[in-house]
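Asks: Output the structure for:
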Amino acid sequence: MDIHHTPEQQMLSDGVDRFVREHARFEDWRKLTAAGRPYDEGNWRRMADMGWLALAIPEAHGGFGASAAEIMIVAEGMGRGLLREPFVSTCVLAVRLLARGGTAQQCELFEGIADGSVRIATALAEASGRFHLNHVHTRAAAEGTGYRLSGHKSWVPDASTAQWLIVPARTQGAVDERAGISLFLVPADAAGLQRTDFRAPDHQQISQLQLEGVQLPASALLGPLHGGLALLEEAVDHAIAARLAEACGAMDAVSDMTLDYLKVRKQFGVTIGSFQALQHRMVDMRIACEESRGMLQLARASLDAEPAQRQRAMAAAKARVGQCGLYVGHQAVQLHGGVGTSDELAVSHYLKRLAMIDVAYGNADFQRDRFIALSDAAPGPEAMPAPATQPASAHQEQFA
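Replies: Got it, this is the predicted structure:
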């Protein structure tokens, strides 16, 4: 699928491509991982210097007020380079919540995000809640002129390096009710907040949070009291769109690696890329990449639609891109043979990253169920795309 950029978007895309070539070498990624570092601080500073961290910040607060298209260009490049910088957590999800929710510290936080000194993680998941944003056990009780938070968050990406946390907590109602959820801005070093860090399969840093009577002032409330869920759903949909772009970048990269390998690996005296069966598998990978990019464009076009339409489109895109990403990743590993499973080769790490992107904000199974539920509630939605069928023989010319 050909994506037509404006001149400004093309300049951004060229800059991202150059950044990935120069600063996202797999050898550097392995050294960073071996050292146990969550991300490359040097790359984060470079991204700040180039203005990428301020893309989603509103112009009124010193940012660029960029559209989803510009955000996706950066996210796609991060997927191609297997970068672990907390761009989506801080510069998409948190910025969206801060911009829509408003806070007395808004200007200061935006300034820190733009220059790279402030990182913010959002604590969404709770035990037994699967991926439902309205499943919130954590409680926030009014106390004096502020609030007292108590609860547990089970899966918080990028919290280990964040100075602030956005924590959904229930201020009224039962655990699964949609109403009664409020958002709070919590300092990462707040008294009563305990954090346990661990490493995800793709080497991303994940944390569990235990909040035991965390005292917050009234100014910590982000958005309307009892009405934070709609704000959260809208911001998460923007984060999903960015993750889909990241997945498309990763799929393109691992597909290119696999094609290059098939052109040089020899068996029985000939390159294995000359075998028609492997050509068909490679073409299926390319089709999955193109299908994912089409779903990405559907997601981008639906971000400004009314909530029901936006949520259906995001569920459809997340489900299909998750399926395609896992397919491409598994095929890449298999076509590389036994070496494809080794840590020394990049393809195995791309597969792990694609698997974790599928899990982020709800995996393909969850999103299909979500799409069905939304379709039942609002008749006449867009249909889910059909799976890719037999590969087109015209694509086999890429092996020439």
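
Asks: If you count neighbours, what's buried in the host helix or strand of Lys153?
Replies: According to DSSP states H and E, Lys153 maps onto strand 146-157. Burial within strand 146-157, assessed by neighbour count using 16 or more other C-beta atoms under 10 Å, is assigned to 146-151, 153, 155-157. Where you see a C-beta, it was placed from the backbone N, CA and C, and this is true even at glycine.

Asks: Pull the distance from that strand to the chain's centre.
Replies: 21 Å (C-alpha atoms, centre = their mean, to the nearest Å).

Asks: That one - contacts with which helices or strands?
Replies: Applying 3 or more C-beta pairs under 8 Å, 6 or more residues apart in numbering; DSSP states H and E, we find strand 146-157 packed against strand 120-122, strand 139-143, strand 164-170, strand 181-187, strand 205-217.

Asks: make it 6 Å
Replies: When contacts are defined as 3 or more C-beta pairs under 6 Å, 6 or more residues apart in numbering; DSSP states H and E, strand 146-157 packs onto strand 139-143, strand 205-217.

Asks: As TSV, these with mean neighbour count would be great.
Replies: Shown next, in TSV, are the helices and strands packed on strand 146-157 (neighbours: other C-beta atoms under 10 Å):
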stretch	mean neighbour count
strand 139-143	16
strand 205-217	19
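
Asks: picking that back up, looking only at pLDDT, what's the mean for the strand holding Lys153?
Replies: Summarised as a single mean, pLDDT over strand 146-157 is 97.

Asks: can you list contacts of it?
Replies: 89, 121, 123, 125-127, 137-141, 169, 206-211, 213-218 (C-beta atoms under 6 Å, 6 or more residues apart in numbering).

Asks: Just name the shakiest helix or strand of this structure by mean pLDDT.
Replies: strand 266-267 (a mean of 88; mean pLDDT, DSSP states H and E).

Asks: ok, back up a step: reformat the helices and strands packed on strand 146-157 as JSON lines; add mean pLDDT.
Replies: Listed next are these as JSON lines, based on pLDDT from 0 to 100:
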{"stretch": "strand 139-143", "mean pLDDT": "96"}
{"stretch": "strand 205-217", "mean pLDDT": "97"}
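
Asks: on that earlier part again, relative orientation of the strand holding Lys153 and strand 139-143 in degrees?
Replies: Orientation of strand 146-157 against strand 139-143 (axes from the mean of the first three to the mean of the last three C-alpha atoms, to 10 degrees) gives an angle of 160 degrees.

Asks: pull the CA atoms of strand 146-157 into CSV?
Replies: Below are the C-alpha coordinates for strand 146-157, written out as CSV (Å, rounded to 0.1, in the frame of the first residue of the first chain):
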residue,chain,number,x,y,z
GLY,A,146,-7.5,15.3,48.9
TYR,A,147,-7.7,11.6,48.2
ARG,A,148,-6.3,8.3,49.6
LEU,A,149,-5.5,5.6,47.0
SER,A,150,-5.3,1.9,47.8
GLY,A,151,-5.0,-1.0,45.4
HIS,A,152,-2.8,-3.1,43.1
LYS,A,153,-1.8,-2.6,39.4
SER,A,154,-0.4,-5.7,37.8
TRP,A,155,1.2,-4.7,34.5
VAL,A,156,2.6,-1.2,34.0
PRO,A,157,5.0,-0.7,31.1
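
Asks: what packs against the least confident helix or strand of the chain?
Replies: On a contact count with 3+ C-beta pairs under 6 Å, 6+ apart, strand 266-267 meets no helix or strand.

Asks: That one: partners in the sheet, and parallel or antiparallel?
Replies: Here strand 266-267 has these sheet partners by DSSP bridges: strand 270-271 (antiparallel).

Asks: Count the residues that sit near Gly273.
Replies: Close neighbours of Gly273, defined as other C-beta atoms under 10 Å, add up to 22.

Asks: List just the nearest of the buried residues of strand 146-157 to Gly65.
Replies: In terms of C-beta to C-beta, no member of these lies closer to Gly65 than Pro157, at 25.3 Å.

Asks: Please produce a markdown table containing the helices and strands packed on strand 146-157, extended by distance to Arg100.
Replies: Shown next, in a markdown table, are the helices and strands packed on strand 146-157 (distance: least, C-beta to C-beta, whole Å):
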| stretch | distance to Arg100 |
| --- | --- |
| strand 139-143 | 19 |
| strand 205-217 | 20 |
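
Asks: wait, which of these is closest to Leu183?
Replies: It's strand 139-143; of those, that one is closest to Leu183 (C-beta to C-beta) at 9.6 Å.

Asks: I'd like the buried residues of strand 146-157 as JSON lines, with distance to Gly15 appended.
Replies: Below are the buried residues of strand 146-157 laid out as JSON lines (distance: C-beta to C-beta, whole Å):
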{"residue": "Gly146", "distance to Gly15": "44"}
{"residue": "Tyr147", "distance to Gly15": "43"}
{"residue": "Arg148", "distance to Gly15": "46"}
{"residue": "Leu149", "distance to Gly15": "41"}
{"residue": "Ser150", "distance to Gly15": "45"}
{"residue": "Gly151", "distance to Gly15": "42"}
{"residue": "Lys153", "distance to Gly15": "36"}
{"residue": "Trp155", "distance to Gly15": "33"}
{"residue": "Val156", "distance to Gly15": "31"}
{"residue": "Pro157", "distance to Gly15": "26"}
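
Asks: Great, nothing more from me.
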